[in-house]
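Enquirer: dropping a prediction and its sequence here:
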Amino acid sequence: MIDDSVTVTVGVLSFHTSKETKAILNAVEELGHDTEWLRPENTSVSIVDGSVVLEPDVDVIANRMLLSNTEQPCEELGLANTFAQLVPTLNEPAAVLTAIHKLSTATALATDDVRTPNVTLALSNEALNAARDRYGEEAVYKTAIGTHGGGTWKVGADEPVNARVGNRYAFLQELVEQKEVRHRDLRVYVVEGDDGWFVLEVNPTAGFKGLYEATGVSPAPHIAKLAIERAGGQVDDERVAELVSVLDDSRPTAQPVQRTAAETEPAIVGYIEEVVLAGTSGSKTVLAKSDTGATRTSIDTGLAADIGAGPIKSITRVRSGSSKTAKSRPVVDVVVGVGGTQHTVTASVEDRSHMDYPVLLGRDILGNYRVDVSRRVDGDAAETAETEEEE
């Protein structure tokens, strides 16, 4: 019989809404304990007369901060480190710092004799390009921090690379050849079995969906159990075993009430806006035109060459203006910075030398903003009419 006289409050630190966060919160409640979802809407830290107060008040924190696609991950990692000094924390900031940085991860694995692909990160362009010959005809070039394939390219032997892509360091990595098989990442997990630890992926906020679909086991109840026990609470192991068969991602009671539309209006972007484009060879600040009629962002061929946008991922067919015929255009990965926020998009490439602006912002970026057509950084300059739509 479990003594359930001690009820603890488990806080899940997560600024994004995910199945995993919901599942952990729901599992904690099913195990008879209280929950708080630590989000911008409800979280604060105060120091008053030497005493530190965290609101909401929790006994333990499960850290699920998604940092790899954040413009300034150190800011949020600093928050997690602040909270970790106040209450016990799962997914400690030091471990997260290793996991979000690809080279830091590779170093940790290599020093423990876990095989990893060969890599080189250099702090200058010259040093990084000097190491290019080590990697053969084709190599992988990626940012040290990134997620979902953003900031990852395959580069040839004669393609120059930069030590930074935008504001993030980048490195060269050995291309692991797969004969007659499409190159891809395999996402796996770290689990403990009878034969010890098996390293399958280093990821501070790994998803549960793939593991659940493959095994029928949800990790959420086990994470909930660990958090509760770390805070001094007790758990019925039989109840944990019952809960693992379901990935309960229904709305938890701890989910804060969403702000009204008036309180969460999107940021404003101008009709003509200054943006920063980054590719494998560098970055450039240019003027861009906002076009809510365009499905995809489009960049000029010369600009794409200057920053090293690519490689070509596919070909898309685009119809411009009143034209009844569509033209084929290559589609490449590019990082577009708008007002300090970075967007990794697959942009189409075309000759825009006859247009007024080298970049056309499409709905893939503008969907995050409200467009103010009266705002333009170039004044009231005359311009060439244009609009385009993918078929």
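Expert: Happy to help now that I have it.
Enquirer: can you list the buried residues in stretch 286-297?
Expert: 286-291, 294-297 (16 or more other Cβ atoms under 10 Å). Where C-beta positions appear, they are placed from N, C-alpha and C, glycine not excepted.
Enquirer: for that stretch, list the C-alpha coordinates in CSV.
Expert: Extracted C-alpha coordinates of stretch 286-297, given in CSV (Å, rounded to 0.1, in the frame of the first residue of the first chain):
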residue,chain,number,x,y,z
VAL,A,286,18.7,43.2,-48.5
LEU,A,287,15.2,44.7,-49.1
ALA,A,288,12.3,42.4,-49.6
LYS,A,289,8.8,42.9,-50.8
SER,A,290,5.9,41.3,-48.9
ASP,A,291,3.4,39.4,-51.2
THR,A,292,0.5,37.7,-49.4
GLY,A,293,-0.5,36.2,-52.8
ALA,A,294,2.7,34.2,-53.1
THR,A,295,2.8,30.8,-51.6
ARG,A,296,6.5,30.6,-51.2
THR,A,297,9.3,33.0,-50.7
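Enquirer: who's in contact with that stretch?
Expert: Residues from elsewhere that reach stretch 286-297, judged by Cβ atoms under 8 Å, 6 or more residues apart in numbering: 269-275, 277, 303, 316, 318, 331, 334, 336, 345-348, 356-366, 371, 373, 377-378, 383, 386-390.
Enquirer: ok, back up a step: now the buried residues of stretch 286-297 as CSV including secondary structure and pLDDT?
Expert: Below are those laid out as CSV (DSSP: H, G, I helix; E, B strand; the rest coil; pLDDT from 0 to 100):
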residue, secondary structure, pLDDT
286, strand, 94
287, strand, 95
288, strand, 95
289, strand, 95
290, strand, 94
291, coil, 93
294, coil, 90
295, coil, 89
296, coil, 91
297, coil, 94
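Enquirer: what's the weakest-modelled helix or strand in the chain?
Expert: Within the chain, confidence by mean pLDDT, DSSP states H and E is lowest for strand 196-198 among all helices and strands, at a mean of 48.
Enquirer: following element in sequence after it, please.
Expert: Following strand 196-198 in sequence order, the next helix or strand is helix 209-215 (DSSP states H and E).
Enquirer: now the contacts of stretch 286-297: which count as buried?
Expert: Taking 16+ other Cβ under 10 Å as the criterion, what is buried in the contacts of stretch 286-297 is 269-273, 275, 277, 303, 316, 318, 331, 334, 336, 345, 347-348, 357-362, 364-366, 371, 386, 388.
Enquirer: in this protein, where is pLDDT below threshold?
Expert: Residue ranges of the chain with pLDDT under 70: 1-5, 68-71, 147-151, 181-202, 258-264, 319-325, 380-391.
Enquirer: which residues does residue 272 bridge with?
Expert: Per DSSP bridges, the residues bridged to residue 272 are residue 289, residue 376.
Enquirer: please settle this for me: is residue 337 part of a strand?
Expert: Yes: under DSSP: H, G, I helix; E, B strand; the rest coil, residue 337 sits within a strand.
Enquirer: test my guess that it contacts residue 274.
Expert: No: the pair residue 337 / residue 274 is not scored as a contact, 9.4 Å apart, by Cβ atoms under 8 Å.
Enquirer: all good on my end, thank you.
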